[in-house]
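[1] Build the 3D model from these lines:
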Amino acid sequence: MAIKKQYLKSKPVCKVTFSVPAEEAKKVAVVGDFNNWNPKGSTLKKLKNGTFKGTFDLPKENTYEFRYLVDNNYINDNEADRYQWNDYAGTENAVLEV
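    Numbers count the residues shown, from 1 in each chain. Got it, this is the predicted structure:
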């Protein structure tokens with residue numbers, strides 16, 4: 001898994017690219033508090049090499065909890081900036097700082 005951040009000088013946003021190697025998966029989405037944990041509109045595109053990839057514009061100077069939804073199973077990104085316990089989910093969520 002990988003997270004790439006590209007800060008824009010002209011706008012107060014960061015282009016964040018999420019990459020998830022999941023050759024066997026049928027569907028991968030990134031969900032978090034930046035999209036109300038809704039996988040609609042946050043589905044990653046499957047590339048020929050089996051990696052799912054997508055880029056999203058997120059407002060800068062914020063912290064976001066997120067997870068990947070891989071064929072209806074939640075997983076964390078091992079390259080997240082940090083992890084944070086979430087009482088609602090009863091588990092740790094990955095945290096992205098932009």
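
[2] Find the nearest non-adjacent residue to residue 43, please.
    Nearest in space to residue 43, with sequence neighbours left out and distances taken as Cβ to Cβ, 6 or more residues apart in numbering, is residue 29 at 4.7 Å. For glycine as for every other residue, the C-beta is placed from the backbone atoms N, C-alpha and C.

[3] Any idea how many residues pack against residue 16?
    21 (other Cβ atoms under 10 Å).

[4] can you pull the pLDDT of the residue nearest to residue 43?
    For residue 29, the model assigns a pLDDT of 98.

[5] So which other helices or strands are in contact with the helix or strand where it lies?
    Assigned by DSSP states H and E, residue 29 belongs to strand 28-32. On a contact count with 3 or more Cβ pairs under 8 Å, 6 or more residues apart in numbering; DSSP states H and E, strand 28-32 meets strand 51-59, strand 63-70.

[6] which residues pair with the residue nearest to residue 43 across the strands?
    Per DSSP bridges, the residues bridged to residue 29 are residue 43, residue 69.

[7] so what's it up against?
    39, 42-44, 68-69 (Cβ atoms under 8 Å, 6 or more residues apart in numbering).

[8] Excluding residues flanking it in the chain, which one is nearest residue 94?
    residue 80 is the one closest to residue 94 (Cβ to Cβ, 6+ apart), at 3.5 Å.

[9] let me fix that: residue 6
    Using Cβ to Cβ, 6+ apart, the closest residue to residue 6 is residue 15 (4.3 Å).

[10] Distance of the residue nearest to the spatial centre of the chain relative to residue 36?
    By Cα atoms, centre = their mean, the chain has its centre lying nearest to residue 30, at 4.2 Å. From residue 30 across to residue 36, the span is 13 Å (Cβ to Cβ, to the nearest Å).
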